[in-house]
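Participant: Okay, sequence plus prediction incoming.
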Amino acid sequence: MCGISGAFDRSQQESLPALIRRVNDALAHRGPDAEGFLVEGPLALGHRRLSIIDLSAAANQPFEDASGRYVMVFNGEIYNFREIRARLTEYPFHTNSDTEVVIAAYAKWGPACLDQFKGMFAIAIWDRTEQSLFLARDRFGVKPLYYYHDGGRLLFASEIRAILASGWVSRRINKPALTDYLKYQAFVSPLTIVDGILEVCAGSYMIFSDGRLTQKIYWDITQQKMDVGQDVTRIRRRIRELLYQSVERRLVSDVPLGAFLSGGIDSSAVVAIMSQVNPSATNAFTISFEEKEYNELPYAELVAKKFGVNHSRVLLKPLDFLERLPAALDAMDTPSGDGLNTYIVSDAIKKNGMTVALSGIGGDELFAGYPQFRQFHALRRRAGLFDHSGWIRKVATAFIPATGQRMTRIKHMLSAPASAIAHIYPAFRQIQTSRSLRRLMDNGIEEANTLEQALLDRQPGIAGFEPLSQVSIAEYLGYTQSVLLKDTDQMGMAVSMELREPFFDNDLVEYVLNVPDRFKYPGYPKQLLVESLDGLLPDEIVFRKKQGFVIPYNVWMRNELKTFCEERIANLAARDYFSGAALPRYWRQYLAGDRNIRWMDVWVFIVLEYWLEKNDLY
């Protein structure tokens, strides 16, 4: 786990050593254990290291292959690196790191090496012979990689802030991406909040040569079709095998390793499997609260006791979250309304001596854990009626008041041209509507429609899956890539903590996506996951009432955070893009208790302004 950066500039308008140090320094939190640089003609590479596998200095980066042709910086973990290494018998390895396996695999197979890797990664490899640069990102986009391309110049880094530190990029807001953020709390790849900075798309690689960038997708989630059969016993057994394999892969580490344990199904499953794969070294951490209605500690203790894990409890009060909110906001490389929980838990585990932790995120997306799975499934059962009643639905929307999130969502769905997931899914994740944004922003809004368009572009592939899997795919292409995984990375790395997510294993995901809905439909929470584990989880965990700590933003924003919020709203309203009158009025309506305005509807504006101020964007 690290931070990587690099620049290519034949004009060398400024000193490349000074440039790459400036960029690399902005990534210091991602890798406190070592730093490294390479400056060679028009190329500069930088690296910050968080040592996890092969802690020796021999594995530091930038890293050259044995022939001297290739030099690489790499962020992430290749969990199956030992298996790959065993197939590279002709290569003279001199470290035990996955880093050397990556560059040796590239030397042998070129870009096709990506098909071999099981892990999370962002990779940059310079080919001295061809004078070309290879940039690649893992299948789900767990590890970030951003770039700026201006004619013959190229700059890349693990974070947007590092690219901004270069001075190459004008600090201008990308207005279409801004609209997407306010609508969905997300920037759909390749757009970012900064005009000119783009993201290497998940599951793709790019080649930079002769000043030009070319991109190729090497893994597309909509193309992962397979026949899993109709034997439910065999399906469950295979899912169980893949879950164990995924967890075992993510236990590869030369430093202390732990796990988040909330007492819910997903984290309990991860800890339970960890305890069976590695019984003597399972460390689990639970955030506990004094408030009984939020406290999941009794369930976490039940799991910890059943599986004999080393269990640590971290007691927090709501005010602890409030006190750490500024640090969490400062940790954001890209604005997000979520992520505070991840920051707090990561910080607590890091202070308990762990450098790596497994998380249960992704279980809901894979095993139909959200209400929208049932809702879309029900809609698709009536697809014929829905798709042939456009004019009736259009008339009906005129009688539905556009007040409140629920009514707005229903209105949006009824207005959809068809029941395809591309038209329906955005309503599930929508925060602000286009109509509300037109009131709050001056000079109209520039809509990229990237979320809906990304799904429409892949609709032929998505349509080949059953409805529940279509929602999963939409989640992976939408909220998961744009919010969940970004928050996990930026909040974990803010405290130099590597987080690993077993439910984002491509072998597991590809298989479960092809399981028929009749086996996957949840009669109770995440039924297929629970039954695949064959009684591993206690009934008290499976069938308990869903709990979880809800951060009291709604209370804070009216009390402790009121001044902070009002200042951010006033500053945002003064920007060219926003209405100087409408946005403060919206805030006052929220304070007055307007039930149609949720705390999140306002919080996205506040976080946005904080991030813009912090990073000096205009």
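Facilitator: Yes, it's here.
Participant: which stretches of the stretch 301-450 of the chain form strands?
Facilitator: Listed in chain order, the strands of the stretch 301-450 of the chain (DSSP state E, counting those that start in this stretch) span 310-316, 356-358.
Participant: which helices and strands sit right next to the shortest one?
Facilitator: When you say that, I think you mean strand 356-358. Here strand 356-358 touches strand 257-260, strand 498-500, going by 3 or more CB pairs under 8 Å, 6 or more residues apart in numbering; DSSP states H and E. All C-beta atoms are positioned from the backbone trio N, CA, C, and that covers glycine.
Participant: sorry, back to before: could you dump the strands of the stretch 301-450 of the chain into TSV and include mean pLDDT and mean neighbour count?
Facilitator: Output for the strands of the stretch 301-450 of the chain, formatted as TSV (pLDDT from 0 to 100; neighbours: other CB atoms under 10 Å):
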stretch	mean pLDDT	mean neighbour count
strand 310-316	88	16
strand 356-358	94	25
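Participant: Looking at those strands, which is nearest to residue 130?
Facilitator: Closest of those to residue 130 is strand 356-358, at 35.6 Å (criterion: CB to CB).
Participant: picking up where we left off before, out of the helices and strands packed on strand 356-358, which is closest to residue 98?
Facilitator: strand 498-500 (12.8 Å).
Participant: Need the mean per-residue confidence for the following helix or strand past the closest one.
Facilitator: Proceeding C-terminally, strand 498-500 gives way to helix 506-513 as the next helix or strand, assigned by DSSP states H and E. Here helix 506-513 scores 98 as its mean pLDDT.
Participant: now for the very next helix or strand once past helix 506-513, which elements pack on it?
Facilitator: Later in the chain than helix 506-513, the nearest helix or strand by DSSP H and E is helix 517-520. Under the contact definition 3+ CB pairs under 8 Å, 6+ apart, helix 517-520 sits against helix 467-475, helix 527-532.
Participant: need the next SSE after the last one, C-terminal direction.
Facilitator: Once helix 527-532 ends, the next helix or strand along the chain (criterion: DSSP H and E) is helix 539-542.
Participant: Give me the residues contacting the next helix or strand after that next one.
Facilitator: Once the chain leaves helix 539-542, the next helix or strand it forms, by DSSP H and E, is helix 553-556. By CB atoms under 8 Å, 6 or more residues apart in numbering, the residues outside helix 553-556 that reach it are 322, 561, 599-600, 603.
Participant: for helix 553-556, which positions count as buried?
Facilitator: The neighbour-count check on helix 553-556 (16 or more other CB atoms under 10 Å) flags 553, 556 as buried.
Participant: Mean confidence (pLDDT) on that helix, please.
Facilitator: What helix 553-556 shows for mean pLDDT is 90.
Participant: The residue nearest to residue 331 when sequence neighbours are not counted: what's it in contact with?
Facilitator: Spatial nearest neighbour of residue 331, chain neighbours left out: residue 494 (3.4 Å); criterion: CB to CB, 6 or more residues apart in numbering. Taking CB under 8 Å, 6+ apart as the criterion, residue 494 is in contact with 29, 327-328, 330-331, 343, 346.
Participant: Kindly recompute the last result at 7 Å.
Facilitator: When contacts are counted by CB atoms under 7 Å, 6 or more residues apart in numbering, residue 494 touches 29, 331, 343.
Participant: Neighbours of the second one, how many?
Facilitator: Neighbours of residue 331 under the rule other CB atoms under 10 Å: 22.
Participant: Against residue 285, how distant is it?
Facilitator: Distance, residue 331 to residue 285, using CB to CB, to the nearest Å: 19 Å.
Participant: Same check on residue 605?
Facilitator: 33 Å.
Participant: Tell me which residue is most central in the chain.
Facilitator: When CA atoms, centre = their mean is applied to the chain, the residue found nearest the centroid is residue 485 (1.3 Å).
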